[in-house]
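Peer 1: show me the folded form of this:
(2 chains)
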Amino acid sequence: MTGKNMWVAGVATPAVIAMVILFAGSPSVKANEEPSAANAAVKIDNFVFGPQTITVPVGTTVTWTNADDIPHTSVSTEGVFKSKVLDTDEKFSYTFTKAGTYPYYCTIHPKMTGKVVVQ
Amino acid sequence: MPDKKHDLIDQNLQDLNNDGVDRRGFLKCMAWAGTGLVWTMSGGIPVSRAFAKGYGKDAGKGADFTFVQISDSHIGFNKPANPDVTATLQTAINKINAMPHTPDFIIHTGDLSQLSKPSEFDTLDQVLKGASAKQIFFVPGEHDMLTDNGTEYLQRYGKSTKGAGWSTFDHKGVHFVGLVNVANLKAGGMGSLGNEQLEWLENDLKGRSASTPIVLFAHIPLWTIYPDWGWGTDDSEQALSYVKRFGSVTVLNGHIHQIMQKVEGKVSFHTAMSTAFPQPAPGSAPSAGPMKVPAEQLQKVLGITDVNYLVSGRSLAVVDSPLGDSSASASGNTSVPLAVVDSIHG
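Peer 2: Numbering: from 1, shown residues only, chains lettered A, B, ... in the order given. Next up is the predicted model:
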């Protein structure tokens, strides 16, 4: 790795740390941990669905928001739901009316996977 | 005028000539890349830009030729990492047009657009129209297949292709195959070619002489660079098994927006810079998202790749040039374009 490259990485890091701090402090994340009956949120950030597994009561509407500079999708592995392509800050919501486990992924970046557990 | 550096390159060439495809020789040659010169490829005689410069007008009469790879234009992207990707694509085309010899054709290794929008493809077409090389071959990136399974892309760029955009053509004795590894991706996986395409590839290569130089190009790398970020193709091993018997195989990819290269037996792997924005080195950032660099640095981490084919050795030499290096090809002097090589996985 060249010195230049390291320098570039050094520039990128503070911004990334700032994003992580913001994310950790965000009230919507707390809402995910103790989801209300009505709504829950999944944030797509740095190519990760957060939280990766979200547990919600039947009837909950889960909303995915893409916080990346790159488009993503949220698509059920079993064909239950399918977002359109979400560009930066775009959202997709789906209401889960049946208990079960719903694995999903980003069809553009299939390494990105997540799960909604409906109880 | 040859200087000390070029003598050293010639020395490397000599060693390689004697040794054939010699790993030590390659490593020596690749060390040059690390110092910001050029790097060269397998199959016989690696060639530096300084060496290749010897192609005069008459030399071109044989079958020597040059083509250019561009990649990851992401037309429509407008975030801080590069608010004007159309301008940087235009700079790349200007650079191609300033090359001393018009390349025979251009290969675009995908992510033409950011969101597969017709307006984005229109803008791309408008810019590419100005290229000196009139023939352009495409493979799609995942960004080009976002809607309707890539219908828009295929209607525009895939008319004579098979499947999701696979294509093959021959040029002056070299066999080119464009592969698509961004369609029907499976949850948890990386890039994928799929059985149907693999079968097509096997049949396409079957009857060909092992001395035919082969160039495979696809968007996502056909070698595993960083699985955590999906930088690889799940079934690329299968595809590469079909080219093992050939004496010279060059694999050109994009997707990762930085130069990486590897030589494995007679197969040389190479990824190109983007014309739009850089991405971080594997594992050096929380994700593979666009990397922001100071504006004045941007053109040093974007670029084009030109590939020179030398009939005598049935070999291809790959030269990466950043957009920001204006002196290299325009002047046609012996100053070798700076190769921005962030890491070499040899």
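Peer 1: quick one: the strands in chain A?
Peer 2: A:39-45, A:48-50, A:53-56, A:61-66, A:75-76, A:91-95, A:100-105, A:113-118 (DSSP state E).
Peer 1: what's the most buried one of these?
Peer 2: Comparing the strands of chain A by mean neighbour count (mean count of other CB atoms under 10 Å in any protein chain shown), strand A:39-45 ranks first with a mean of 22. Every C-beta, even on glycine, is put in place using the N, C-alpha and C of the backbone.
Peer 1: in contact with residue A:110, which residues?
Peer 2: Neighbouring residues of residue A:110 by CB atoms under 8 Å, 6 or more residues apart in numbering or on different chains: B:185-190, B:230.
Peer 1: just the buried members of these?
Peer 2: Listed as buried from the contacts of residue A:110 are B:185, B:187, B:189-190, B:230; burial here means 16 or more other CB atoms under 10 Å in any protein chain shown.
Peer 1: one step back: adding mean pLDDT, write the strands of chain A out as TSV.
Peer 2: Converted to TSV, those look like this (pLDDT from 0 to 100):
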stretch	mean pLDDT
strand A:39-45	97
strand A:48-50	97
strand A:53-56	98
strand A:61-66	98
strand A:75-76	98
strand A:91-95	98
strand A:100-105	98
strand A:113-118	98
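Peer 1: can you map out the strands along the stretch 101-250 of chain B?
Peer 2: B:105-108, B:136-138, B:167-171, B:174-178, B:214-217, B:249-253 (DSSP state E, counting those that start in this stretch).
Peer 1: tell me how far the third one lies from the chain's centre.
Peer 2: Centroid separation for strand B:167-171 versus its chain: 16 Å, with CA atoms, centre = their mean, to the nearest Å.
Peer 1: partner strands of that strand, with direction?
Peer 2: Using DSSP bridges, strand B:167-171 pairs in its sheet with strand B:174-178 (antiparallel).
Peer 1: so how far is the partner strand off the chain centroid?
Peer 2: For strand B:174-178, the distance from its own C-alpha centre to the chain's C-alpha centre is 13 Å (CA atoms, centre = their mean).
Peer 1: for that strand, what is the average pLDDT?
Peer 2: In this model, strand B:174-178 has an average pLDDT of 96.
Peer 1: give me the contacts around it.
Peer 2: The contact list for strand B:174-178 (CB under 8 Å, 6+ apart) reads B:107, B:137-139, B:161, B:165-170, B:201, B:204-205, B:208, B:212-218, B:309, B:316.
Peer 1: beta partners of the closest residue in space to residue B:135 that isn't next to it in sequence?
Peer 2: The shortest distance from residue B:135 to any non-neighbouring residue, by CB to CB, 6 or more residues apart in numbering or on different chains, is to residue B:105 (4.1 Å). Legend: beta-bridge partners of residue B:105 under DSSP bridges are residue B:67.
Peer 1: apart from its neighbours in sequence, what residue is nearest residue B:260?
Peer 2: residue B:271 (4.7 Å).
Peer 1: let me see the contact set for the one you found.
Peer 2: Residue B:271 sits next to B:221, B:225, B:252-256, B:258-261 when contact means CB under 8 Å, 6+ apart.
Peer 1: any chance of JSON lines for the buried ones among the contacts of residue A:110, columns distance to chain A and pLDDT?
Peer 2: What follows is the buried ones among the contacts of residue A:110, written out as JSON lines (distance: CB to the nearest CB, whole Å; pLDDT from 0 to 100):
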{"residue": "B:185", "distance to chain A": "4", "pLDDT": "94"}
{"residue": "B:187", "distance to chain A": "4", "pLDDT": "96"}
{"residue": "B:189", "distance to chain A": "5", "pLDDT": "96"}
{"residue": "B:190", "distance to chain A": "7", "pLDDT": "97"}
{"residue": "B:230", "distance to chain A": "4", "pLDDT": "95"}
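Peer 1: in helices only, show me those residues.
Peer 2: Applying DSSP state H to the buried ones among the contacts of residue A:110, no entry is found in helices.
Peer 1: and of the strands of chain A, who's closest to residue B:146?
Peer 2: When the strands of chain A are compared for distance to residue B:146 using CB to CB, the nearest one is strand A:75-76, at 12.0 Å.
Peer 1: is chain A contacted by stretch B:84-92?
Peer 2: No - using CB under 8 Å from any CB of the partner chain, stretch B:84-92 never reaches chain A; the gap is at least 12.1 Å.
Peer 1: quick one: mean pLDDT over that stretch.
Peer 2: On average, stretch B:84-92 scores 96.
Peer 1: what about dumping the CA coordinates of it to CSV?
Peer 2: Taking C-alpha atoms only, stretch B:84-92 is exported to CSV below (Å, rounded to 0.1, in the frame of the first residue of the first chain):
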residue,chain,number,x,y,z
ASP,B,84,-19.9,15.6,-12.1
VAL,B,85,-19.3,12.1,-13.4
THR,B,86,-20.2,13.1,-16.9
ALA,B,87,-17.3,15.6,-16.9
THR,B,88,-14.8,12.9,-15.7
LEU,B,89,-16.1,10.5,-18.3
GLN,B,90,-15.5,13.2,-20.9
THR,B,91,-12.0,13.6,-19.6
ALA,B,92,-11.4,9.9,-20.0
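Peer 1: in that stretch, what counts as buried?
Peer 2: Under the neighbour-count criterion of 16+ other CB under 10 Å, stretch B:84-92 has B:85-86, B:88-92 buried.
Peer 1: before we move on, what about stretch B:252-264?
Peer 2: For stretch B:252-264, a neighbour-count test (16+ other CB under 10 Å) marks B:252-263 as buried.
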